[in-house]
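A.B. asks: predicted model and sequence below, questions to follow.
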Amino acid sequence: MKLDFDKESQIFHLSNTHISYVFGVLRNGHLGHYYYGSKIDGPFQVAYFRKAVNRGLTNYLYEDDFSFSLSHERLEYPCFGTTDYRMPAIHLRDKKGSNVVDFKYVSHLVISEKPEITGLPCARGMGETLTLIVTLEDSLLGATLELTYTIYSELPVITRSARLKNTGDHPLVIHQLLSMNLDFYDSDFDVIHLHGDWIKERHVERFPLHYGLQSIGSSRGASSAIHNPFMALARKACTEHVGEAYGISLVYSGNFTIGAEVDSDGHTRLSAGINPFQFQWTLNEGEVFSSPEAVLTYSNTGLNGLSQSLHRFITDQIIHPKYKGRLNQILINNWEATYFDFNEQKLMAIAKEASALGVELFVLDDGWFGRRNSDRAGLGDWYVNLEKLPGGIGQLSKAVHEMGLKFGLWIEPEMVNKDTALFKSHPEWVIGDPERPRSHGRNQFVLDYGRPEVVDAIYEQLIQVLDHASVDYLKWDMNRNITEAFSTLLGERQGELYHRYILGVYALYTRLLARYPEMIIESCAAGGGRFDMGMFYYAPQAWTSDNSDAVERLKIQYGTSMAYPLSAMGAHVTAIPNHQVKRSTSLKLRADVAYFGSFGYELDLTKLSVEDKAEIREQIAFYKANRETFLHGDFYRLISPFEGDRNITAWQVVSKGGLRSILGYYQVLAKPNEGLKTIKPVGLNPHGRYRVSCMESPVSGSFLMNFGILMKPAFNGIESTEVHDGDYQSRLILIDQI
C-alpha cells in the first residue's frame, strides 16, 4: 500500500496488492483520470495514458492550440463551464451569478490516518490505511476544493469525498458537489443496480450501458427502497465468478444520485453524490461543505468477488468495531403476533414460550407509547402507555431479563401524528408549507430534523424512557418519506432541507449511542427503505424488508447480498398465511431462507402446535451451531431468481477456514417429469475431501466444484421424494471438510 507521485509528470499512483489508481495534473491544472483496476507497476509517463488529437467542431482551451480540450479528456473531478459538456462534479454560483468554475491543482498531502467527515458517517480507518488529500483552488472564485482518497491495505477499495471551503469575501451557492467522478476509456459495460419498492426491495436489474445518461437516485428524503445507493459496471462477459466489475456505493442515507454517462466517443463517466434536484446550499465566508463519502470497489473475480469485498469492507470499516465478530441474537418480535392489541400478560406469555424454545431476545414493537392503539395516534408522544403496561417499560424489561432474554424496544422518532401533544404544541416542527395541505402517509407526518430543537425534544423524551428501563436493543423505524418539502425555519434556503434533515437523523443516532454504548440499534425504514452504508455506520443490522414471505425473500435477500453482508440482514420466520402476500409455506422453507441473515421469529408462539414448537427448537439449535458460519462466512450466489426460468435459487456460505459450507437450494414451483440437476458449490479446497449431507461417501473439493451434486427432482408423476414434494421446497446441504 503506497502512493507514488512523480513531480515531473505530476502523476499520482495509489496502489496495494490488489489495485492501482492513477491520475495526474493536466496542462490546465485540472486533474485527469488515467487508470483504475488490477495492480500495475510504474513508473508511468503521461504519454502512456493520453494522446492529443485535433478534432473537428471541438472547443479548445488555448488560442491557436488545437491539442487540448477537456471534451476528450478523462477527468478526475470535472468542473462546469470550460469545454467539457458532460455532467460536472461541481456546480456553483458566485455573487455576480456566474456558474463558471476553474479549480486547479495547488498541493497534496499524504497521511496514514483515515480522516472523519464532520457530521456525516464515513468509513473507518481500521488496520492500515493511506490517505491522499489533493487541494485545488479557484482564486477568482475565492474557494478551495479538497479531494480525499483513502486506500486500504487488504481490500480492492478506495474511498473518495470532496470538501469545499469558501475563502472569499462573499457567499457561494452550491448547486452540486458530488462525492466522486471516474472516467473510463470505453463503454463495454453492463449496468447492475438494485431497484424495487416497499415489500419488494433490492431486485437485481442488469442492462447494457448505452449512449447518454443512465442514472438512479432518490428525491424522497431517504435513500429509499426504489433505488439502493449502489451501482456496478460489469464487463459484458462478467459472471458471478469470472470477469471484471466496478462498484460504487455511497455512505449516505438521504437524496442521492449515481449515474453513468456515455459520450460520443464511447467514453463512460461514472459519478455519485447528493442528488442535485431540490438541493442548494449557501456557503458563507469561511464555511465548509463536505460531500458524503463514496466507496469504489474493483473485482477481477466476477460479481461475487465484488460483493465479498463490499461485505468485508462494511463489517471491517463501516460497522462500529465493537460489533466485530458479533453473533447476532435470535429474536422474537411481537408485531405480527399482536399488532397494537397487547397487554403485559400477552407479551409475557410470548416471551415465556420464546425462552423455553431457545430464543435470546424479545423485541416489543409498535404500540407501547402515548395513545397508540392504531396508526392514527401516538407518534411524537414518547411516554409509556400505562393502560397496556402498568409497570412501564422498566418492569417489563426486568421481567424479560429474568427469563434469560435480552429486551428490545421499537421507536419511530422521526414522525408525528396529528392526534398528539407534540403536534398540537409545535405544528411548526412538521415539514410542509403551512399555507398548503399536507399529504399523509400511514396517518403520520415528518418532523423537521433540520431544526436542532426538534432533535433535542425527541432525545429528551426518549431518554426518559430508556434511562428508567434496561433496553439492550432498539429498533428504529421510519415509515414515511418527505413530501411538501418546506421548513418554516429555512426561508429562502429550502434547498438545504433534505440534507439538514438527514444530518439531524445522524445527530440523534450519535447522541443515543453515546449515552447507551452497549445498546444495539437495528435500522428499519418500512423495511428496507434506508438500507445503506450510512445507516450501518450506526446500526450493525437492518430490517431487510417488511415482506417476510420466504419465496419473495429469495429475491430480496439475493439482491441485497450484491452489496451487503448477511450479518446486516434481519431475516425472520413469520406466521402463515404470510401477512404481506397471503402465501402459505412450510416452517422448514421459512427457516431455510431466514438462516442466511440475522435470524429471528415474528409470530405468536403461544398459538403453535407441539410439533411446530419442536421444529422451532431444532431450528434454533441448528442456527446457534452454525451462526458463526451464517453471519461471518464467505457468501456465494449460485443460481439467480432473476435469470433463466427463475424457479430455482441457490446460494452458499463457507466458514472462515473453509471447514464447513452450507448450501441453500430453493424451488418455487413443482414442475412435471423433471430430470436430474446438478448444483456446483464454490469456495472449497479443490484438494480437500468433503463429507456431503446428501451423498453417501466423501468426495473431493474439485469433484464438487466441477461436477457438482446431483439433485433429485421433486415428485415426477411416478416416484415421490416425500420431503421435497410440491411447491415451495427447500434443501440445505451441509458440506464438511474431513
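C.D. replies: Arrived safely. If you're wondering where the values come from, they're calculated on a predicted model, not measured in any experiment. Numbers count the residues shown, from 1 in each chain.
A.B. asks: residue closest to the middle of this structure?
C.D. replies: Centroid-nearest residue in the chain: D532, 2.4 Å away (criterion: Cα atoms, centre = their mean).
A.B. asks: state the distance from the residue lying closest to it once chain neighbours are set aside to L172.
C.D. replies: Closest residue in space to D532, ignoring its immediate chain neighbours: S223 at 4.5 Å, by Cβ to Cβ, 6 or more residues apart in numbering. (Glycine included, C-beta is placed from N, CA and C.) According to Cβ to Cβ, to the nearest Å, S223 stands 27 Å off from L172.
A.B. asks: these two: who's more crowded?
C.D. replies: S223 (28 against 25; other Cβ atoms under 10 Å).
A.B. asks: nearest spatial neighbour of N481, chain-adjacent residues omitted?
C.D. replies: R220 (3.8 Å).
A.B. asks: ditto for D365
C.D. replies: Closest to D365 by Cβ to Cβ, 6+ apart is W335, at 3.8 Å.
A.B. asks: quick check: end-to-end length of stretch 330-339?
C.D. replies: Separation of the first and last residues of stretch 330-339 by Cα to Cα, to the nearest Å is 20 Å.
A.B. asks: buried ones in that stretch?
C.D. replies: By neighbour count with 16 or more other Cβ atoms under 10 Å, stretch 330-339 contains the buried residues 330-338.
A.B. asks: strands along the stretch 451-600 of the chain, start to end?
C.D. replies: For the stretch 451-600 of the chain, applying DSSP state E, counting those that start in this stretch gives strands covering 473-476, 520-523, 541-543, 569-574, 598-602.
A.B. asks: how about the ones you listed, which one is nearest H203?
C.D. replies: strand 569-574 (15.0 Å; Cβ to Cβ).
A.B. asks: show me what that closest one is packed up against.
C.D. replies: In this structure, strand 569-574 packs against strand 541-543, helix 550-560, helix 587-594, strand 598-602, with contacts taken as 3 or more Cβ pairs under 8 Å, 6 or more residues apart in numbering; DSSP states H and E.
A.B. asks: average pLDDT for the top helix by length along the chain, rounded please.
C.D. replies: Scanning the chain for the longest helix, with DSSP state H as the assignment, gives helix 610-632. For helix 610-632, mean pLDDT is 98.
A.B. asks: i'd like the first residue to be 6 from this point on
C.D. replies: New numbering, starting at 6: the last item is helix 615-637.
A.B. asks: what angle do it and strand 603-607 make?
C.D. replies: Taking axes from the mean of the first three to the mean of the last three Cα atoms, to 10 degrees, one finds helix 615-637 and strand 603-607 inclined to each other by 150 degrees.
A.B. asks: re earlier: dump the residue contacts of the residue nearest to D370.
C.D. replies: 370-371, 415, 607 (Cβ atoms under 8 Å, 6 or more residues apart in numbering).
A.B. asks: can you tell me the element L19 falls in?
C.D. replies: strand 16-20 (DSSP states H and E).
A.B. asks: ok so, going back, nearest to S589 among the buried residues of stretch 335-344?
C.D. replies: When those are compared against S589 (criterion: Cβ to Cβ), the nearest one is E341, at 14.4 Å.
A.B. asks: does the residue nearest to the centre of the chain touch S258 like I think?
C.D. replies: Yes - assessed by Cβ atoms under 8 Å, D537 is found in contact with S258 at 5.3 Å.
A.B. asks: overlap in contacts of those two?
C.D. replies: Both D537 and S258 are contacted by S228, under the criterion Cβ under 8 Å, 6+ apart.
A.B. asks: among the buried residues of stretch 335-344, which are in helices?
C.D. replies: Cross-referencing the buried residues of stretch 335-344 against helices under DSSP H gives 340-343.
A.B. asks: those residues: which two are farthest apart?
C.D. replies: Top of the distance list for those (Cβ to Cβ): E341 and T343, 8.1 Å.
A.B. asks: quickly list what's touching both of these two.
C.D. replies: Common neighbours of E341 and T343 (Cβ under 8 Å, 6+ apart) are D609.
A.B. asks: contacts only, for A626.
C.D. replies: By Cβ under 8 Å, 6+ apart, the neighbours of A626 are G363.
A.B. asks: tell me how far it lies from A596.
C.D. replies: For A626 relative to A596 (Cβ to Cβ), the value is 12 Å.
A.B. asks: Y190 too?
C.D. replies: 49 Å.
A.B. asks: quick one, which of those two is more surrounded?
C.D. replies: A596 (24 against 15).
A.B. asks: pLDDT wise, what is the more buried one at?
C.D. replies: 98.
A.B. asks: what's the closest non-adjacent residue to it?
C.D. replies: Q624 (4.6 Å).
A.B. asks: so that neighbour is in contact with L594, correct?
C.D. replies: No - using Cβ under 8 Å, Q624 makes no contact with L594, being 11.5 Å away.
A.B. asks: give the residue spans of the stretch 506-655 of the chain that score low on pLDDT.
C.D. replies: For the stretch 506-655 of the chain, no stretch is flagged by pLDDT under 70.
A.B. asks: now the chain
C.D. replies: 719-729.
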